[in-house]
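Visitor: Please work out how this folds:
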Amino acid sequence: MPKLNIGEQMPDFKFNTAKKNDLYVHDILKGKTVFWVLRYIGCTVCRYDVHMIAQRYDAFKEKGAQVFVVMQSDREHVRKDLQETALPFEIICDEDQAIYHLLNIEPAVSMEALLGDGLEKLQAKGKAAAEAGFSHGDYEGNEQQLPAMFIVDENGKVIYAHYASAIMDMPGIDEVLALL
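Guide: Presented below is the predicted three-dimensional model:
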């Protein structure tokens, strides 16, 4: 499948979360839905992103939106990693990377390409994550996997699509909220 573009329909793929099995996109759509595609739960900056989304989740609800985070992690890693954390959203567990492949979210060609020109931003985010108590966990999936983001309306129409060119080439929470 080619990359998704604004105005196209989000495929109605089947997925599992850390808590639920056999869900379909059409079953979960209400208002606007953000599919925040990250790497894996052991990635320090991804853990921090999950934490920050949870901290600001009321702002998403105020905009009539919900968030699903997609990760290469299996549900056991997610459950173990978040056992002390009650998230207000679901993490889609895509350990076989079927969703990444379906949506054509490619990995970087090298670790250098994954970093791109965002080393300083990554270091700053890593420092903020460490200060918040996060450290690297288990490695899962493709270490060079790039992130992406899609926002769809209640009918599954893509109203925002972003394929990152490097790990730090992602909109921040305030930018996402402004898009809603």
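Visitor: which residues in this protein form strands?
Guide: 14-17, 23-24, 32-37, 65-71, 90-93, 148-152, 158-163 (DSSP state E).
Visitor: so how far is the first one from its chain's centroid?
Guide: Just to be clear, that refers to strand 14-17. Centroid separation between strand 14-17 and its chain, computed with C-alpha atoms, centre = their mean, to the nearest Å, is 14 Å.
Visitor: Given that strand, what are its sheet partners and their directions?
Guide: strand 23-24 (antiparallel), strand 90-93 (antiparallel) (DSSP bridges).
Visitor: Buried residues of the lowest-mean-pLDDT helix or strand in the chain, list them for me.
Guide: Using mean pLDDT, DSSP states H and E, the weakest-scoring helix or strand in the chain turns out to be helix 75-81, at a mean of 88. Within helix 75-81, the residues scored as buried using 16 or more other C-beta atoms under 10 Å are 75, 77-78, 81. Bear in mind the C-beta positions are built from the backbone N, C-alpha and C, glycine included.
Visitor: Sort out which one of those lies nearest Ala148 for me.
Guide: The nearest member of those to Ala148, counting by C-beta to C-beta, is Val78 at 18.8 Å.
Visitor: tell me the contacts of the closest one?
Guide: 18, 41, 71, 91, 93 (C-beta atoms under 8 Å, 6 or more residues apart in numbering).
Visitor: Out of the residues you listed, who's the most crowded?
Guide: Met71 (29 neighbours; other C-beta atoms under 10 Å).
Visitor: Could you double-check that that residue lies in contact with Tyr40?
Guide: Yes - contact criterion C-beta atoms under 8 Å: Met71 and Tyr40 qualify, at 5.3 Å.
Visitor: Need the overlap of contacts for those two.
Guide: Cys46.
Visitor: Arg79 touches Ala18, doesn't it?
Guide: Yes - counting by C-beta under 8 Å, Arg79 touches Ala18, with 5.4 Å between them.
Visitor: burial of Val152, as a residue count?
Guide: 21.
Visitor: And the furthest pair within the buried residues of helix 75-81?
Guide: Arg75 and Asp81 (10.6 Å).
Visitor: what's the closest non-adjacent residue to Val176?
Guide: Among residues not flanking Val176 along the chain, Val34 sits closest, at 6.3 Å (C-beta to C-beta, 6 or more residues apart in numbering).
Visitor: ditto for Lys32
Guide: Computed as C-beta to C-beta, 6+ apart, the closest residue to Lys32 that is not its neighbour in sequence is Ala65, at 4.2 Å.
Visitor: In contact with the one you found, which residues?
Guide: Taking C-beta under 8 Å, 6+ apart, one finds 31-34, 151, 180 in contact with Ala65.
Visitor: What of Gly42?
Guide: Contact analysis of Gly42 by C-beta under 8 Å, 6+ apart lists 73, 77, 81, 136-140.
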